[in-house]
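*Asks:* Sequence plus the predicted model coming up.
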Amino acid sequence: MTERIRAVPFSKVLVANRGEIAIRIFRTLRELGVGAVAVYSDVDRDAPHVAYADESYLLGGGAPAESYLNGERIVEIAQRAGAEAVHPGYGFLAENASFARFVEDAGLVWIGPPADAIEAMGSKIAARERMRAAGVPIVPGTTEPLESTDQLIQLGRELGWPLAIKASAGGGGKGLKVVREPADAERAFASARREGEAYFSDATVYIERYLEDPRHIEVQVLADAHGNVVHLGERDCTIQRRHQKLVEETPSPAVDDALRARIGEIAVTAARAVGYRSAGTLEGLLTRDGEWFFLEMNTRIQVEHTVTELVTGLDLVREQVLIAAGEPLSLRQEDVRLNGHAIECRINAEDVANGFLPAPGRITGYREPAGPGVRVDSGVVAGAEISPLYDPMIAKLIVHGEDREHARRRMLRALDEFVIEGPPTLIGFHKALLSHPCFVDGATCHGIVESELLAERAESLSHRTTSIPASPDGTVRPRTRELEVDGRRFSVTVLEPEPPWLELARRRRQRSAGGVGGAGKEAVTSPMQGTVLSVSVADGDAVRAGQLLCIVEAMKMENEIHAHRAGTVSQLSVAPGQPISSGQVICVVEA
Ligand code: MV4
């Protein structure tokens, strides 16, 4: 291969982000000989990304609006620091076309796609129309805003039920409502519009056929400023919970070479159609009959770019920086080689036993796994505080193996090595999931991720200090200690009395997981704190299993609460407009 970098591409780059992705980008900048400028909020003063950078500047208060979303302040700092370019990472301002323009208008280089391409993909309706016109297969449905319930019912007749209603300004499934029959149409339409308005200040929604049991298959592309576009294969992100990706892998167990070539070509066509430049991702759904449909394009580096890096041997951030500096791509499509198998597990501070609720707090003990084929991208150290103001991701654990089974076993080994003390994490959940036959088989695992059984198994596999109950006076907590007897070492579990605050936390968890007081297992409780938006039943009503009981709004999202079994409603204790706490009883459903 010819020498590619004739000179250092930039002297200094500002990274407008925090946590693991800021550090990930700094690592590449360091390798390129480019100075790294960090920005931080006042709660991030001691954050590792600040320490890693060559120079760091305070943005403002902890709230994102005062810090990582404050575009004017970020550009001001870039100019003061003498940075030539800005890398946005993911989240925050990464897909804000106005910010990309603002950066360029300030004479700085935007390490990302052209603002026009971000904008073209920002409206999901406009993107669908643009892709359809370019010959990219989109999920059957509308490319114009949905106007009425009648139109929705008409579309159901034409396309067949069920349908999906999606917010045009949404993405990643936010605002998705499934409509199974005409009777659901009015409520779902109203709900989708309200949620779009609350979440994105845009009530525009559109329709897609709802595909059953699909896989989320996305394709990574790289495009330079000279018209070269390549794809780097797919990532399978089917394992999600409430549209949050949890595990990503490549290659997909459902994609063979022929399908990969086909969807890869579609992705390249899509990128060309919007004049794309930089790294980008075409998200799509793969049906059971092997049909792939475009969903949306992510115009940023993604959390899960790492698995593609491990199988291609490329550094995607390095490619982004060189592309932004005007360098041509170093490889042609035929140079792309996919080697082995990679899996990523997102290690979030979340409480699986409490509906995956974010569980911010201090990390009191921390040790990362290592060894062959293991990579950890993290933004924390022991003693770090996971702030409730930001995403609860602690680390990404990524492994590479010769094939899927090798990678799966390697991941289980690495999960075993990972020690995180303090907040509950997804480590136990990932162990349970990767050991489950559905994952071993490469199935979609829909439903398994949400299942109680997996959550229980996750609990017993986690390092959490509250997982062993019993002892007459309440509860105990285990600690592992090393002991030597007769020249042989043993690991023993020491049971200690539980501190009173832990006991409280455990009680709260038990309450939200099931019955309360005399209500027993028949009580339906709210899984989250929020506001009751509507109540669809009254005392004495007979309900089917799965029937809608009420809607709880939390963080602008509407959460439908359904009957867990068939029976009769009694002790209904919520009303529209009323605040509700996590674990509070909604009603009892008596068999
Ligand atoms: C869908 C769908 C079925 N039909 N769209 C969109 C974003 C992604 N995060 C989930 N999304 C879905 N969109 C239509 N027209 C089903 C899902 C979906 C899903 C897709 C693949 C893998 C896991 C999923 C879990 C929930 C919902």
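*Replies:* Now that the structure is in, tell me what you want to look at.
*Asks:* Identify the residues contacting the residue in the stretch 51-200 of the chain that the ligand sits nearest to.
*Replies:* Proximity of the stretch 51-200 of the chain to the ligand (C-beta to the nearest ligand atom) peaks at residue 173, 3.3 Å away. To be clear about C-beta, it is placed using only N, CA and C from the backbone, and glycine gets the same treatment. Residues near residue 173 by C-beta atoms under 8 Å, 6 or more residues apart in numbering: 166, 240, 243.
*Asks:* Those: which ones sit near the ligand?
*Replies:* 240, 243 (C-beta under 6 Å from any ligand atom).
*Asks:* How about the secondary structure of residue 99?
*Replies:* The local conformation at residue 99, judged by DSSP: H, G, I helix; E, B strand; the rest coil, is helix.
*Asks:* And for it, the neighbour number?
*Replies:* Using other C-beta atoms under 10 Å, residue 99 has 24 neighbouring residues.
*Asks:* Are stretch 184-202 and the ligand in contact anywhere?
*Replies:* No. Shown here: stretch 184-202 not in contact with the ligand (C-beta under 6 Å from any ligand atom), separated by at least 12.9 Å.
*Asks:* Output the contacts of residue 173 in TSV, with pLDDT, secondary structure and neighbour count appended to each entry.
*Replies:* Below are the contacts of residue 173 laid out as TSV (pLDDT from 0 to 100; DSSP: H, G, I helix; E, B strand; the rest coil; neighbours: other C-beta atoms under 10 Å):
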residue	pLDDT	secondary structure	neighbour count
166	96	strand	28
240	96	strand	17
243	92	coil	13
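*Asks:* Save the contacts of residue 173 as TSV, and put in distance to residue 72 too.
*Replies:* Shown next, in TSV, are the contacts of residue 173 (distance: C-beta to C-beta, whole Å):
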residue	distance to residue 72
166	32
240	35
243	31
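*Asks:* Which of the three states applies to residue 370?
*Replies:* Per three-state DSSP, residue 370 ends up coil.
*Asks:* who in the stretch 251-400 of the chain is up against the ligand?
*Replies:* Going by C-beta under 6 Å from any ligand atom, the residues of the stretch 251-400 of the chain near the ligand are 285, 295.
*Asks:* Tell me the residues of the protein that contact the ligand?
*Replies:* Counting by C-beta under 6 Å from any ligand atom, the chain sits next to the ligand at 139, 164, 172-173, 176, 208-211, 214-216, 238, 240, 243, 285, 295.
*Asks:* filter the residues you listed to the buried ones?
*Replies:* 139, 164, 173, 176, 208-211, 214-216, 238, 240, 285, 295 (16 or more other C-beta atoms under 10 Å).
*Asks:* So which of the residues of the chain next to the ligand sit within strands?
*Replies:* Among these, DSSP state E puts 164, 208, 209, 215, 216, 238, 240, 285, 295 in strands.
*Asks:* Now the residue of the stretch 51-200 of the chain closest to the ligand: phi and psi?
*Replies:* Main-chain torsions, residue 173, degrees, to the nearest 10: phi 90, psi 0.
*Asks:* quick one: pLDDT of it?
*Replies:* Model confidence at residue 173, given as pLDDT, is 82.
*Asks:* ok, which stretches of the stretch 1-150 of the chain are helices?
*Replies:* In the stretch 1-150 of the chain, the helices defined using DSSP state H, counting those that start in this stretch lie at 19-32, 48-52, 71-81, 97-105, 115-122, 124-133, 149-159.
*Asks:* Residues contacting the shortest one, please?
*Replies:* When contacts are taken as C-beta under 8 Å, 6+ apart, the neighbours of helix 48-52 outside the stretch itself are 15, 17-19, 22-23, 26, 36, 38, 40, 44, 56, 379-381, 384.
*Asks:* With mean pLDDT as extra columns, can I get the helices of the stretch 1-150 of the chain in JSON lines?
*Replies:* Shown next, in JSON lines, are the helices of the stretch 1-150 of the chain (pLDDT from 0 to 100):
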{"stretch": "helix 19-32", "mean pLDDT": "98"}
{"stretch": "helix 48-52", "mean pLDDT": "96"}
{"stretch": "helix 71-81", "mean pLDDT": "98"}
{"stretch": "helix 97-105", "mean pLDDT": "98"}
{"stretch": "helix 115-122", "mean pLDDT": "97"}
{"stretch": "helix 124-133", "mean pLDDT": "97"}
{"stretch": "helix 149-159", "mean pLDDT": "96"}
